[in-house]
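1. 3D, please:
(one chain, ligands or ions: 1)
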Amino acid sequence: MDDAFLAQLRCPLDPKREATLTRDDQGLLCSRCSCHFPVKLGLPVLVPNEVEMPEGNREVSQLPCQRAANRQKSRK
Ligand SMILES: [Zn+2]
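-> Numbering: from 1, shown residues only. So this is what the prediction gives:
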């Protein structure tokens, strides 16, 4: 995975696709919600049901990326 490819990836939990991902030892980390996504066979697995949530967070809907999305919706 090269840096140019990485720079195009966004957190799948952010419907606006603004949150970027950074690489760490085991996979990719969302810069906004700190969710962790695995990399399998060199390919990032960016699907919500593979997500590893930050400690203390049990609900996907409580993550910053999702909360930002929900706020957006209710403002309309
Ligand atoms: Zn995120």
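
2. Around the ion, which positions in the chain sit nearby?
-> Residues of the chain lying close to the ion (C-beta under 5 Å from the ion) are 11, 13, 19, 30, 32-33, 65. Glycine gets a C-beta too; all of them are placed from N, C-alpha and C.

3. now, which of these lie within helices?
-> C65 (DSSP state H).

4. Now do the strands in the protein.
-> 21-23, 27-30, 36-40, 43-44 (DSSP state E).

5. okay, the second one in PDB with CA atoms only?
-> What follows is strand 27-30 as a C-alpha-only set of coordinates in PDB (Å, rounded to 0.1, in the frame of the first residue of the first chain):
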ATOM      1  CA  GLY A  27      -3.800  -1.700  10.000                       C
ATOM      2  CA  LEU A  28      -5.400   1.700   9.500                       C
ATOM      3  CA  LEU A  29      -6.600   4.200  12.100                       C
ATOM      4  CA  CYS A  30      -9.300   6.800  11.500                       C
END
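
6. hang on, the earlier thing: can you pick the most crowded of the residues of the chain next to the ion?
-> C11 (28 neighbours; other C-beta atoms under 10 Å).

7. how about it, what does it touch?
-> 17, 19-21, 30-33, 35, 46, 65 (C-beta atoms under 8 Å, 6 or more residues apart in numbering).

8. what pLDDT does it get?
-> Turning to C11, the model gives it a pLDDT of 96.

9. Just give me the neighbour total for L21.
-> 23.

10. can you check V45 too?
-> V45: 15 neighbours (other C-beta under 10 Å).

11. Surely it touches H36?
-> No. In terms of C-beta atoms under 8 Å, V45 does not count as a neighbour of H36; the distance is 10.7 Å.

12. Next, show the common contact partners of these two.
-> G27.

13. quick one: low-confidence parts of this structure?
-> Under the criterion pLDDT under 70, the flagged ranges of the chain are 73-76.

14. which residue is nearest the middle of it?
-> Against the mean C-alpha coordinate of the chain, by C-alpha atoms, centre = their mean, the closest residue is C11 at 3.1 Å.

15. Leaving out chain neighbours, which residue sits closest to E52?
-> Closest residue to E52 apart from its sequence neighbours, by C-beta to C-beta, 6 or more residues apart in numbering: H36 at 4.1 Å.
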